[in-house]
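1. I'll drop the sequence and a predicted model, then ask my questions.
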Amino acid sequence: MQFNYLKGIPDETDMAKSKNTPMTLCVTSGKGGVGKTSFTVNYAIALTRSNQRVLVVDGDMGLANVDVLLRLSVKNNIRDILESGADPRQALIFVRPNLAVLPGCSGVPEMVALGDQQQSKLADFINDLASDFDYVIIDTAAGIGSSVLWFNRFSNHNIFILSPDPTSMTDAYALIKLLSREYGMQRFNLVLNFVRGVEEGKHTVDTIKRVTQRFLNLELSHMGSIPEDKAVRRAVLDQVPFIEQAPGSKAARALLELAKQVHTLI
């Protein structure tokens, strides 16, 4: 078993001694194309910089792409583990010191809407794995599918990624409304991505906060913004995290600041 890649966990005996209760974060969005997966991967790496152990779960159950962004060769994924009932650690891929990935699956329509039994089994798998880490970050699909709703309810905290695009705000509001009214969720953290200036960022955040306050009686927490940066697009095309390829870029510096604020999540 490949656990020696996590600093401080040289073998299974030491792993048993290091069990803890991690912070579980759900990174989600109403709309695709807002940089959600890129944020997840780079945010996870930023957290490892402070010697935190991080597990990334690719929760896009039908169109997984964390493995694409990191150039991973996947042998076992979430579907394989759910079907076989095997130890979920067999599917983990250790990609950096203190960083592991539980791959999702692609092109499998039935995985998009998991039944209650599969959700229960998946919760057990994630909780079992989570005890070896300090943070678990779940990258969901975009939209309001059943798996997206379930991962948001399963996690301790959520991080909503949106862009200044009006359709992004509309779709994010729709998801927040559904989670609030149907499932009683009251805490939502926002990260604004692809921001082209301070004024644009302020206008976007003020708009969605005003609407959710008026119609849902919710106060949203704005964690911060990530500026539009060509370094991000280059890194995505190169399949390399931008925090590593361009550590001095505006986007990388902004993301590192966001990682420092992880304990302020509501």
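-> Right, received. Where do you want to start?
2. Glu244: how many residues sit nearby?
-> Glu244: 13 surrounding residues under other C-beta atoms under 10 Å. Where you see a C-beta, it was placed from the backbone N, CA and C, and this is true even at glycine.
3. Do you know the pLDDT at the residue lying closest to it once chain neighbours are set aside?
-> Among residues not flanking Glu244 along the chain, Ile45 sits closest, at 6.8 Å (C-beta to C-beta, 6 or more residues apart in numbering). Looking at Ile45, its pLDDT reads 97.
4. my read: Ile45 touches Val95, true?
-> No: between Ile45 and Val95 there is no contact under C-beta atoms under 8 Å: 9.1 Å.
5. neighbour count winner among those two?
-> Each of Ile45 and Val95 has its neighbours counted (other C-beta under 10 Å); Ile45 has more, 24 against 19.
6. Would you map the strands across the stretch 101-250 of the chain?
-> Assigned by DSSP state E, counting those that start in this stretch, the strands in the stretch 101-250 of the chain fall at 135-142, 157-162, 189-195, 221-227.
7. Just send the ones you listed back as a markdown table, with distance to Lys209 and mean pLDDT too.
-> Shown next, in a markdown table, are those (distance: least, C-beta to C-beta, whole Å; pLDDT from 0 to 100):
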| stretch | distance to Lys209 | mean pLDDT |
| --- | --- | --- |
| strand 135-142 | 21 | 95 |
| strand 157-162 | 12 | 97 |
| strand 189-195 | 8 | 97 |
| strand 221-227 | 7 | 96 |
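8. and Asn65, which of those strands is closest to it?
-> Across those, Asn65 has its closest neighbour in strand 135-142 (8.7 Å, C-beta to C-beta).
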